[in-house]
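Asker: can you look at this prediction? I've put the sequence above it.
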Amino acid sequence: MPLPELIEIVPLNKPVKAEITVPGSKSITNRALILAALSHRKTILKGALWSEDTQVMVDCLRKLGFEIEVAPDPNEFCNRIITIQGTAGKIPNGGTIENPLELYVGNAGTAARFLSALVCLGCGVYRLFGVPRMHERPQAALFNALRELNYRIDSPNDKLPAVIHGAFRLKGKCRVSIEESSQFASALLLCANISGWEVEIIGENAEESPYIAMTSKLIAEFENVLEEFQIEPDASSASYFVGADRIAPGSEWADAPKVDSLLGCLQLLGSVPEIKEGGWQGEPRESELREKLVKQGDSAKVKAFDALRNWKGYSNIELRGMDSSSGYQIDARFHEFWPWREKISRLTDLGDSIMTGITLTSLGDKSIQFTDLGRLRVQECERVHALRTELTRCGGKVNEEGDTLTVYPARLHGAEVETYGDHRMAMCFAILGLKVPGIKIKDPACVKKTFPNFFQKLASAPPAGLGATILDALTRRPLTMDELFAD
């Protein structure tokens, strides 16, 4: 049975102890698929995300003539082991001017941009098209760069649908701006080595773009003799469970004073004056200090002490397989920003996980500025507007000024949340629903874009899930595991 059109998330009422796996990174998977297709060998991609966006990419590559095998991944239901035979930069199939080869990209920005560059290496004619929202999203910077390389791109408004005339490898130089999207530059860079293109990246903080850095690192990896490549879990998807851990019952952030360390807690409580920086000696000292707090007779201080002593980062909800040291994903740093800084940038601090932070900030005790959000406006939906509108609908206080959202602490309440067909809107507000009663999510099946079993992860019994109850919002009936898969 499909997910209902409106679901309700029931808040957690007790602490959770869980070990969660999240599916592979969409950004890495779709880049790796292109690099494997262009290689001189057969490559096995392990931990590859299997969702709407990556299935679109695989379907298009198969239509272009690439040999691809897809097998289950025993470690995560929404991952696959994908084997792809490279063709050394040749595109096997192509259409004609009268009958272009049709490539449907859905609303997958990576597929639309990466394939636009890839098919230029073919010897046929290709028509790329997608859903109506994809036809609104920008493509001009990429199309203009490809035209600089002397490829013919037919598009009256420089958006999809577009007809691209492949001409194999036309060596040359081009400039591309990443002001609207770094995917334009990544598309060109993925094909640059095999095609001989020289790509100059211009625009806002071009050299610092984390997604350009991801592309460059992956290109370097695939230049080695690489028979297998392990794709990391998606850090943006992991941010939802980091956020859930911070707001779940029993968490330090939800229930204890907002301090950064146990030493800070003790100093705040005014206890044991001999404690100094670097003077913490482990469990025996902890027991002694707790006894002194008990003797003071203040049960609230004892509770706060216990909460800080037992808290170990996100020890309630652990994420398996995440590696923040690899440098591939900027969002692997999400946990480092909690407690939140006063100002967080979409450009230099976090990627899409900044949406998780924006959504949950209302539950905190201070206002936060989220800056440089311009790129969020041209993604799956106009995300800046969507976040402000839906948080306000839930009782939040949000100020929008330019490309900055300032979110203030607020007493939130339940509401029907519009997702705008955007998977990240659905997942962000679902996590909010684990704390705020009455949060209802419209069109929850949109999570199939990157995380089809997201709601199953919320509802599965610990340790594999959080044990949350999810209702059909119209009938108030708890949904089964089968009903919670977005297909």
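Answerer: Done, it's in. For clarity, every value in this text was computed on a predicted model and none was experimentally measured.
Asker: am I right that residue 358 falls within a strand?
Answerer: No - per DSSP: H, G, I helix; E, B strand; the rest coil, residue 358 lies outside any strand segment and is helix.
Asker: tally of neighbours for residue 397?
Answerer: Residues lying near residue 397 (other Cβ atoms under 10 Å) number 15. (Glycine included, C-beta is placed from N, CA and C.)
Asker: cool, residue 295 as well?
Answerer: 8.
Asker: ok, residue 2 next?
Answerer: The burial count for residue 2: 11, using other Cβ under 10 Å.
Asker: which residue packs closest to it, ignoring adjacent ones?
Answerer: Distances taken as Cβ to Cβ, 6 or more residues apart in numbering put residue 445 closest to residue 2, at 6.6 Å, once the chain neighbours are dropped.
Asker: what sits against residue 196?
Answerer: By Cβ atoms under 8 Å, 6 or more residues apart in numbering, the contact set of residue 196 is 169, 171.
Asker: roughly how far apart are it and residue 164?
Answerer: Applying Cβ to Cβ, to the nearest Å, the value for residue 196 to residue 164 is 18 Å.
Asker: same thing with residue 245?
Answerer: For residue 245, the distance to residue 164 (Cβ to Cβ) stands at 45 Å.
Asker: with residue 432 instead?
Answerer: For residue 432 relative to residue 164 (Cβ to Cβ), the value is 41 Å.
Asker: on that earlier part again, the residue nearest to residue 2 touches residue 483, doesn't it?
Answerer: No - at 10.7 Å, residue 445 and residue 483 do not qualify as touching, with contact defined as Cβ atoms under 8 Å.
Asker: what touches both of the two?
Answerer: 2-3.
Asker: between these two, which one's more packed in?
Answerer: For the pair residue 445 and residue 483, the greater number of neighbours falls to residue 445 (21 against 18), based on other Cβ under 10 Å.
Asker: residue contacts, that one?
Answerer: Contacts of residue 445 (Cβ under 8 Å, 6+ apart): 2-3, 486-487.
Asker: now the strands for the stretch 351-487 of the chain?
Answerer: Secondary structure of the stretch 351-487 of the chain (DSSP state E, counting those that start in this stretch): strands located at 368-371, 397-401, 404-408, 415-417, 439-442, 470-472, 477-478.
Asker: could you list every helix and strand that the first one packs against?
Answerer: With contacts defined as 3 or more Cβ pairs under 8 Å, 6 or more residues apart in numbering; DSSP states H and E, the secondary structure elements packing on strand 368-371 are strand 343-345, helix 354-360, strand 404-408.
Asker: just name the most buried of those.
Answerer: helix 354-360 (a mean of 26; mean count of other Cβ atoms under 10 Å).
Asker: give me the contacts around it.
Answerer: 236, 239-240, 242-243, 246-247, 334, 337, 340, 344, 346, 350, 368, 370, 373, 376, 383, 387, 391, 405, 407, 424-425, 428-429, 431-432.
Asker: which members of those residues occur in helices, if any?
Answerer: Counted as lying in helices by DSSP state H, out of those, are 236, 239-240, 242-243, 246-247, 383, 387, 391, 424-425, 428-429, 431-432.
Asker: buried ones in the helix or strand harbouring residue 56?
Answerer: Applying DSSP states H and E as the criterion places residue 56 in helix 52-63. Neighbour-count burial for helix 52-63 flags 52-61 (criterion: 16 or more other Cβ atoms under 10 Å).
Asker: could you point out which element follows that helix?
Answerer: Using DSSP H and E, the first helix or strand after helix 52-63 is strand 68-72.
Asker: check which helices and strands the helix or strand where residue 219 lies sits against.
Answerer: Following DSSP H and E, one finds residue 219 within helix 210-223. Helix 210-223 is packed against helix 26-38, helix 183-195, with contacts defined by 3+ Cβ pairs under 8 Å, 6+ apart.
Asker: what comes up buried for the helix or strand that the last one is followed by?
Answerer: What that stands for is helix 183-195. For helix 183-195, the succeeding helix or strand toward the C-terminus, using DSSP H and E, is strand 197-202. Residues 197, 199, 201 are the ones in strand 197-202 that count as buried (16+ other Cβ under 10 Å).
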